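> Got a predicted model here, sequence first, then my questions.
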Protein chains: 4
Amino acid sequence: MESVRVAQIGCGYWGQNLIRNFWEVEGSEVVVACDPSEKALERMRRRYHGVELVTSYDAVLANPNVDAVVLATPVSTHYDFAKRAFQAGKHVLVEKPMATSSMHVIDLIETAERAGKVLMVDHTFLYTAAVRKMKSIIETGQAGELLYFDSVRINLGLVQSDTNVLWDLGPHDFSIMDYLCGQEPVSITATGVKHLHCSYENIAYVTARFDSDFIAHFHLNWLAPVKVRTTLIGGSQKMLVYDDMVISEKIKVYDRGITRNPDPANRERMLTGYRNGDVLSPNLETTEAMRLMAREFVSSIQEKRAPLSDGYSALRVVRMLEAAQHSIQQNGREVLMQPMVPRPHSVPAVAGSLV
Amino acid sequence: MESVRVAQIGCGYWGQNLIRNFWEVEGSEVVVACDPSEKALERMRRRYHGVELVTSYDAVLANPNVDAVVLATPVSTHYDFAKRAFQAGKHVLVEKPMATSSMHVIDLIETAERAGKVLMVDHTFLYTAAVRKMKSIIETGQAGELLYFDSVRINLGLVQSDTNVLWDLGPHDFSIMDYLCGQEPVSITATGVKHLHCSYENIAYVTARFDSDFIAHFHLNWLAPVKVRTTLIGGSQKMLVYDDMVISEKIKVYDRGITRNPDPANRERMLTGYRNGDVLSPNLETTEAMRLMAREFVSSIQEKRAPLSDGYSALRVVRMLEAAQHSIQQNGREVLMQPMVPRPHSVPAVAGSLV
Amino acid sequence: MESVRVAQIGCGYWGQNLIRNFWEVEGSEVVVACDPSEKALERMRRRYHGVELVTSYDAVLANPNVDAVVLATPVSTHYDFAKRAFQAGKHVLVEKPMATSSMHVIDLIETAERAGKVLMVDHTFLYTAAVRKMKSIIETGQAGELLYFDSVRINLGLVQSDTNVLWDLGPHDFSIMDYLCGQEPVSITATGVKHLHCSYENIAYVTARFDSDFIAHFHLNWLAPVKVRTTLIGGSQKMLVYDDMVISEKIKVYDRGITRNPDPANRERMLTGYRNGDVLSPNLETTEAMRLMAREFVSSIQEKRAPLSDGYSALRVVRMLEAAQHSIQQNGREVLMQPMVPRPHSVPAVAGSLV
Amino acid sequence: MESVRVAQIGCGYWGQNLIRNFWEVEGSEVVVACDPSEKALERMRRRYHGVELVTSYDAVLANPNVDAVVLATPVSTHYDFAKRAFQAGKHVLVEKPMATSSMHVIDLIETAERAGKVLMVDHTFLYTAAVRKMKSIIETGQAGELLYFDSVRINLGLVQSDTNVLWDLGPHDFSIMDYLCGQEPVSITATGVKHLHCSYENIAYVTARFDSDFIAHFHLNWLAPVKVRTTLIGGSQKMLVYDDMVISEKIKVYDRGITRNPDPANRERMLTGYRNGDVLSPNLETTEAMRLMAREFVSSIQEKRAPLSDGYSALRVVRMLEAAQHSIQQNGREVLMQPMVPRPHSVPAVAGSLV
């Protein structure tokens, strides 16, 4: 099969991770690195021999040797850069979040479909061994009916100048929840706070309600003294705990559940009455998630198919981000989300749907 | 000083803890144990020689040798039992929550004041070494301006037949927050879910907003596979982490904070830019919290003063519970809380104050 | 079945734990508490109504209503107190270690056999759910061939005035190893150190060699800043980790093992090459170990059979202690242990068996 | 200052780490990569543009553009490769352990001195922020008098075909102990076991005695189901715990110590009686240890001075390895170590010094 010739657009912190993976992954060839900073390009020159270095994105688009672009540029540029790439006949991988509005994502989906090119978003976590293992546990029904999804993603982060904690950290957990639970929320309620004279929210709490008693909740925080990345998933049969901060045993599967106190006359708090079985920590593969993600982008191009984290995955995540942002701006009022219909161009926008 | 002669009302799981502490604490004498169950009383007979055992609460109230009653009975009985105790001239310690409505708490405060008796609520956590240490760190200004309070109190609990997770677990964290942060919320938003055909909520998320950018958030869950009791308190100078599930080093004080990225043109996420200092885990005393709580009840009676966890402490907690319950019933709408004025009888009820 | 009438001898820290358990366990009746301290007896009077309180051990032995004595007295008294109890026709439970020499243990075994009475040692850990679970995993062959046993039992303890860390903490791990692994060492090597002008060793490292390539190692330390109780057991099929300091998931069973690098020409350290399977943390029962231990003493008396932790169990542990002590005194020279033959009176002493 | 032109010898797992650091560190220029495997060289070609690739070590020595060689070759080659490098006028950095015998290390020290070249060993851990922080705590006297050093370095490792666990893992902890404690042992006792038909020991326990009551103990294990890297250092004033497996708070300084029970008549185990103060986890720098190590090699060449981990550091570690190996072969007999005298050529060999 022919190699996919990739141009890395943006060679900052995350761009360097991407280029390293595309450099090593089978089936791809990094031919161009593009960044406005000469210093950033110099770093690439030292590491990646033979890669063409350019400061102009237009030069990349005009280059017939480039099959695909990998965008690790500021979020505000994603839509424009991706759109022009499709117009130039390139496949596109976009860093998360794919765009700043669902309208833009819908437009990119349609543009990609018309161009017959692959559109993929880098929801890296979907490619981790931990998330894939949880997916298989849930998909095979071992966990039973899903009851709740609770994630905490907090650390001491640099307050950023162009985005808030919701749009920075939220895509990770929203995409994990979307992938694992396979349901779209019917409403989002969110609270955000700005501290220390910051322009953007540095703490956000987001609650998603669904068309059932399933509930999802997200705690995002740039101002926490400790780094926590923990997800709890409660099922009627099994409960999962995913702790991304431990080196081994990241996933634990608890054979636990509750039973109701059958005797309402019994006033004492009983210490028994629930199922308390074994805990299993399944062995996980050790392949780097970004390697698998890069491989998926290359494969989907070669096999002319949609990638796992396609435009619709991006759309569902951006719709949640939009709704949460809207709720924050309305001081935590519930924002209803109209269901997405199959054709993306008719996906309703979120903004007008306030309760 | 004269001993305070105590009657233990309710000898179930928590009542046994209380009687054990009043039995041992200096200055108190347990003279009566009261429970409708003969079996529960039999257990007391074996352990506490000489204590009078009765099944009738009226008998306790009529007993002139009883100075004070300790109520560990179902929440629904608290108001009536406490009120009648004051009328019989007894001091009253009530298990948390003090009552099922703020109106009842206000009435008890007034009744106690008229009777000249002590009214105290068992907010046990205020008497732990960990909470007292955090109080001193905050009070002395070491933590700086408080930015947020975030608590998680989850475990696999027996779903109870007469209350929900909010009223069961919430009083712990609400009272800790009230004590440490010393501010009353201006609004409460809460979401609750009932799973597995339960009659009452088994998961609740509660957000409290204040008259500043301080925010408090509470995660309460009876359906979690793991037991977590963690509180984060972010200050502008120091951040505290309180983990009640570890045997030592329960409190950690982080000399950490953030600075904003000063250069908006710098697009890369910087890895420096925040203060990352030492972590201190202060040594904690080992006295049992319930022992101190029992001692405080006895002392406040002997010294004719208000206890630390007095009726107003109970009132502030019950007002938050009421508001959160109201918000849950309104699908997460924000419930405004009117400020409490000094005289308790004019404290406005929460129920009518929906946005 | 008739109740066993028990006398608690020694009402200090551990004695109080014992009496509490015998007070509650089915089939036993605590009739006497004996301690030279009136203050200690006063504490018992308050808690255990109807129990006869005496300061004289002779009075206990003369009391025809006492069937069994429970010795929680200083180690130096165990032998004499136990021996006289058998002569007075009582059953005997002795706190660990059973005696200060294997000769004394042998004598007690023989005396008990002649008297037809039960002799039991309080190796409490054999009655914990964790140790019993590990026993069942090893016994059923799931772990495969045992390769090593490694335990660490360290904390900040009060340096004691009449014993060293070996005799204080060693019996716990020696008895666990003896129970789980079922082999007697062929030699013991031990190192001990005295710090801070102490009269007795506060750190000891003990290595036990066996008649195979199985090895056991023990780290005992009274001068560690952290409390650690961790045991690793390596088997050819499964490996066990027992962490007694965590509240849940005390036991983990690792499906792990190694394979040798098959290609000696391959100079690079390979990152694969070993089996790395799932980790299982089995659910454990929650019954208190001392309750089961007390029950075992009562049952063995009622059923006229040897208890799980009988005199021979004590003998094997004391022989290891003696050998380790001997090795410490010889600056770490290996001390050979002659095999025990079935009849206890011909068990060889350890002391003369230096290499 | 002139750049140091470096040749990387051996491009396996560890060699790749070294070349990456010398490639990036200021003051060094990687000019040659040498490995017998064409495949390994091909990997270097891809990553390090312009580096000369050779399979012959002789070619490196003959290259006048090479100032220094970095040896990441099998241990058995270290002595010969280093000796020839000095003869060719190169500086030498050797992977740990420096050689398979102290005689060889002494010879290298002397050869380097005669040649006027730098001889350095890669004791990487001495360059970690954690070890440097502990060094400063000990050096400034905060910890008081050192009482013990206890390290555990265990994991599931591939059993290697040319060395045992002692020589593989031991140099890490021996060099840390040597650096932090600054004392040479007077004797070593060690036990090793071979399991599963391995040719070399996969578990080793090593005890070092000193000319005081300070003691050091090392647990090395390739067959453990969990990865543990923990060091305890007990001082009379402070105690340190170094846990290299946690992401933050790797070092904890405990303000703890013991006091003796002053009253020998008090038979009860007291629960007080020791000092139990705060715990401090100092902030650590985040520079990669290998970067600092590479920088130290380059600086010592440029500044014509001995590096931190010089030949004598290597010598002290290899003497301990030799003594431990000797003890293992003698079934754990104590091996006395004669003191090193200043001139290395008169350092006594260990092998003949059995008790």
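Good, I have the coordinates. Numbering: from 1, shown residues only, chains lettered A, B, ... in the order given.

> Which parts of chain A are helices?
In chain A, the segments counted as helices under DSSP state H are A:13-24, A:38-47, A:57-62, A:75-87, A:102-115, A:129-139, A:165-181, A:289-302, A:311-329.

> of all those, which lies closest to chain B?
Distance to chain B, taken as CB to the nearest CB, is lowest for helix A:13-24 among those, at 5.3 Å. C-betas here are computed from N, CA, C, even on glycine.

> Report the mean confidence score over that closest one.
If you average the pLDDT over helix A:13-24, you get 94.

> what about it and chain B, any contact?
Yes. Contact of helix A:13-24 with chain B (CB under 8 Å from any CB of the partner chain) involves A:13-14.

> chain center to that helix, what's the gap?
Mean-position distance between helix A:13-24 and its chain equals 18 Å (CA atoms, centre = their mean, to the nearest Å).

> Same question for stretch A:229-241: list its buried residues.
Within stretch A:229-241, the residues that qualify as buried are A:229-235, A:238-241, counting by 16 or more other CB atoms under 10 Å in any protein chain shown.

> repeat for stretch A:10-24
Buried, per 16+ other CB under 10 Å, within stretch A:10-24: A:10-12, A:14-23.

> again, but for stretch A:57-68
A:57, A:60-61, A:63, A:66-68.

> closest point of chain A to chain D, which residue?
Closest point on chain A to chain D, by CB to the nearest CB, is A:H49, at 3.7 Å.

> Ignoring the adjacent residues along the chain, who's closest to that residue?
Leaving aside its chain neighbours, A:H49 sits nearest to D:H49 (3.7 Å; criterion: CB to CB, 6 or more residues apart in numbering or on different chains).

> For the one you found, grab the count of nearby residues.
Residues near D:H49, counting by other CB atoms under 10 Å in any protein chain shown, number 13.

> Please apply the same query to A:K194.
15.

> Retrieve the pLDDT associated with the closest residue to it other than its chain neighbours.
With sequence-adjacent residues excluded and distances taken as CB to CB, 6+ apart, A:K194 is closest to A:E201, at 5.5 Å. Confidence at A:E201, expressed as pLDDT, is 92.

> which residues does A:E201 contact?
A:164-166, A:192-194, A:328 (CB atoms under 8 Å, 6 or more residues apart in numbering or on different chains).

> rerun at 10 Å
A:159, A:163-168, A:190-195, A:220, A:222, A:325, A:328-329 (CB atoms under 10 Å, 6 or more residues apart in numbering or on different chains).

> Now list the buried members of the residues you listed.
For the contacts of A:E201, buried by 16+ other CB under 10 Å: A:159, A:163-168, A:190-193, A:195, A:220, A:222, A:325, A:328.

> Put the alpha carbons of the helix-or-strand element of chain A with minimal mean pLDDT into CSV.
The weakest-scoring helix or strand in chain A, judged by mean pLDDT, DSSP states H and E, is strand A:274-281 (a mean of 87). What follows is strand A:274-281, C-alpha atoms only, in CSV (Å, rounded to 0.1, in the frame of the first residue of the first chain):
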residue,chain,number,x,y,z
TYR,A,274,-24.9,-5.1,49.1
ARG,A,275,-22.9,-7.3,46.8
ASN,A,276,-19.2,-7.0,47.5
GLY,A,277,-17.3,-9.3,45.1
ASP,A,278,-13.8,-9.5,43.7
VAL,A,279,-11.9,-6.7,42.0
LEU,A,280,-10.2,-7.4,38.7
SER,A,281,-7.5,-5.3,37.2
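
> who does it pair up with?
In the sheet, strand A:274-281 lines up against strand A:251-258 (antiparallel), strand C:274-281 (antiparallel) (DSSP bridges).

> out of the ones you listed, deepest packed?
Per residue and on average, the most neighbours among those fall to strand A:251-258, with a mean of 22 (mean count of other CB atoms under 10 Å in any protein chain shown).

> Pop the domain breakdown of chain A in here.
A:4-125+A:289-309, A:126-288+A:322-336 (automatic domain parsing).

> rank these by mean pLDDT and give me the bottom one.
With a mean of 89, domain A:126-288+A:322-336 has the lowest mean pLDDT of the domains of chain A.

> How far does it sit from its chain's centre?
The answer for domain A:126-288+A:322-336 is 13 Å, by CA atoms, centre = their mean.

> same check, this time on stretch A:48-55
The answer for stretch A:48-55 is 29 Å, by CA atoms, centre = their mean.

> do stretch A:316-329 as well
Offset of stretch A:316-329 from its chain centre (CA atoms, centre = their mean): 14 Å.
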